[in-house]
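Asks: Sharing a model prediction with you, sequence too.
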Amino acid sequence: MRTRLTDVLEVEHPVMLAGMGGVSYHEVVAAVSEAGGFGCLGASTMGTERMVEEIEAVTRRTDKPFGVDLLTAAPGDMLVQVQALIDHGSRVFVAGLGVPRDAVELCHRHNVLVVNMCGKVRHAIAAVEAGCDIVVAQGTEAGGHTGLIATMALVPQVVDAVGDRVPVVAAGGIVDGRGLAAALALGADGVWVGTRFIATPEAQAVSGYKDTLLQLAEDGTTISRGYTGKTCRVVANDYTRYWEQHPDELQPFPMQFLRSMEDGVNHLGRDADEPGIDPSREFFPAGQGVGAIDELVPAGELVRRFVAEAEAVVDRVAAMR
Ligand SMILES: Cc1cc2nc3c(=O)[nH]c(=O)nc-3n(C[C@H](O)[C@H](O)[C@H](O)COP(=O)(O)O)c2cc1C
């Protein structure tokens, strides 16, 4: 499947692994890139040293292109990290929070593309005006920090606003090739997929996280500020219900993030051996597509399934004419 996205990223398939902080570590990144998709390391929870180790682990496993997503780094640190991801061979820098103009210039001087996450049309316009090369239109269905506009409504509006200038990638609630075909039909050039890739053997996760996703129905998530202070779509549980009932106690980011750490419910980024995980209170970001996920599937196999299913949908729809 060839689109503007596969052309600019120099990959086979228009399927991007979301740079999920705490989840998208080297194994799943390398598996997606090696299968012809585009793997993105979720480095928002990592210091520069760990990020470089993870990048080196990716490049030991694949020589295909990959990217790095940074979310919460302070502006000063961010430039150091961006320089490091450039120096170690990342093809793309994904800016998860805002448009750092000096980072855009730095990347462009080194031929590295900049992707920006957008939840509103005006964010996408600002990103393109700041020089970003690709925008991800992320709907409210998405797992993790998210806005209010649904993917189905957001994607075509972002395409209309900036699609003549840059490739647009759809995100939020996309878990299979039907979602890829739908994204292409809305005018997007590919998909950015998070939650579906958590349920793979390669993704980093504490015990109970993947099992919880396999059992959850489509209404099992909620948007809560309880874990970070920002609106975040997570598995609904006793902890999110506490904060629903005590909104006056919520603090802004990063204080609320520290609160959830103190409460022993935030272990994102630790591995399956981490002790003391209580799945009825733990921080498990997940999107609304979760109800369609009922088995762990290797990440490379998922990339191939996305494309085969989307091609079948395109053929089926074309046959309706
Ligand atoms: C566990 C988890 C962690 C995430 N961390 C980040 C992050 O660090 N940076 C970022 O830009 N987006 C992050 N996101 C959002 C994803 O990039 C992506 O937009 C979202 O997962 C897409 O929706 P889906 O989960 O329905 O596929 C995260 C999502 C999840 C589920």
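Replies: On my side now, so go ahead.

Asks: domains of this protein?
Replies: Per the record, the chain has its domains at 4-202+293-318, 209-290, by automatic domain parsing.

Asks: if I pick whichever residue of the stretch 51-200 of the chain sits closest to the ligand, what's in contact with it?
Replies: Proximity of the stretch 51-200 of the chain to the ligand (C-beta to the nearest ligand atom) peaks at Gly194, 2.0 Å away. C-beta: built from backbone N, CA, C; applies to glycine. Applying C-beta atoms under 8 Å, 6 or more residues apart in numbering to Gly194 gives the contacts 18, 20, 23, 142-144, 171, 287.

Asks: Now it: closest residue in space that isn't a chain neighbour?
Replies: Nearest residue to Gly194, sequence neighbours excluded (C-beta to C-beta, 6 or more residues apart in numbering): Ala18, at 3.6 Å.

Asks: What is the burial count for the residue in the stretch 201-321 of the chain that the ligand sits nearest to?
Replies: Using C-beta to the nearest ligand atom, Gly287 is the residue of the stretch 201-321 of the chain that sits closest to the ligand, at 2.4 Å. By the measure other C-beta atoms under 10 Å, the count of residues near Gly287 is 31.

Asks: again with Lys210
Replies: Neighbours of Lys210 (other C-beta under 10 Å): 18.

Asks: wait, it sits on Glu295?
Replies: No. Lys210 lies out of contact with Glu295 (C-beta atoms under 8 Å); the separation is 10.2 Å.

Asks: give me every residue that touches Leu106.
Replies: Leu106 neighbours (C-beta under 8 Å, 6+ apart): 79, 82-83, 86.

Asks: For this structure, just list every one of the helices.
Replies: 4-9, 26-34, 48-61, 75-87, 101-109, 121-129, 151-162, 177-185, 195-198, 209-215, 238-245, 255-262, 299-318 (DSSP state H).

Asks: Redo these as TSV? Include distance to Phe93 and mean pLDDT.
Replies: Listed next are the helices of the chain as TSV, based on distance: least, C-beta to C-beta, whole Å; pLDDT from 0 to 100:
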stretch	distance to Phe93	mean pLDDT
helix 4-9	13	98
helix 26-34	14	98
helix 48-61	12	97
helix 75-87	6	87
helix 101-109	5	94
helix 121-129	13	96
helix 151-162	18	98
helix 177-185	22	98
helix 195-198	20	98
helix 209-215	27	98
helix 238-245	32	98
helix 255-262	23	97
helix 299-318	22	98
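
Asks: Give me whichever of those helices is most buried.
Replies: Comparing the helices of the chain by mean neighbour count (mean count of other C-beta atoms under 10 Å), helix 195-198 ranks first with a mean of 28.

Asks: Packing partners of that helix?
Replies: helix 209-215, helix 299-318 (3 or more C-beta pairs under 8 Å, 6 or more residues apart in numbering; DSSP states H and E).

Asks: Now that we have these, can you turn them into CSV and tack on distance to the ligand?
Replies: Below are the helices and strands packed on helix 195-198 laid out as CSV (distance: least, C-beta to the nearest ligand atom, whole Å):
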stretch, distance to the ligand
helix 209-215, 9
helix 299-318, 12
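
Asks: just so I know, which of those helices lies nearest Val104?
Replies: helix 299-318 (28.3 Å; C-beta to C-beta).

Asks: which other residues reach the closest one?
Replies: 1, 13, 15, 17, 28, 31-32, 34-37, 176-178, 180-181, 184-185, 191, 193, 196-197, 200-203, 297.

Asks: Stretch 154-169 too?
Replies: Contact partners of stretch 154-169, identified using C-beta under 8 Å, 6+ apart, comprise 3-5, 8, 16, 115, 118-121, 124-125, 127-128, 132-139, 170, 172, 183, 186-192.

Asks: for stretch 3-16, same thing?
Replies: By C-beta under 8 Å, 6+ apart, stretch 3-16 touches 1, 32-33, 35-40, 64-65, 67, 91-92, 113, 133-134, 136, 167, 169, 180, 184, 189-193, 303, 306-307.

Asks: number of nearby residues for Ala292?
Replies: Residues near Ala292, counting by other C-beta under 10 Å: 15.

Asks: quick revisit: ok, the residue nearest to Gly194 - contacts?
Replies: Ala18 neighbours (C-beta under 8 Å, 6+ apart): 24, 40, 42, 69, 144, 171, 192-194, 197.

Asks: now it: how far from the ligand?
Replies: Distance, Ala18 to the ligand, using C-beta to the nearest ligand atom, to the nearest Å: 3 Å.

Asks: heads up, I number from 419, so please use that
Replies: All right, first residue 419 from here; so that's Ala436.

Asks: re earlier: which stretch among the helices and strands packed on helix 613-616 comes nearest Glu471?
Replies: helix 717-736 (19.9 Å).

Asks: by how many degrees do that closest one and helix 444-452 diverge?
Replies: Here helix 717-736 points in a direction 40 degrees away from that of helix 444-452 (axes from the mean of the first three to the mean of the last three C-alpha atoms, to 10 degrees).

Asks: Which positions in the stretch 469-618 of the chain make contact with the ligand?
Replies: 487, 489, 514, 535, 556, 559-562, 589-592, 610-613 (C-beta under 6 Å from any ligand atom).
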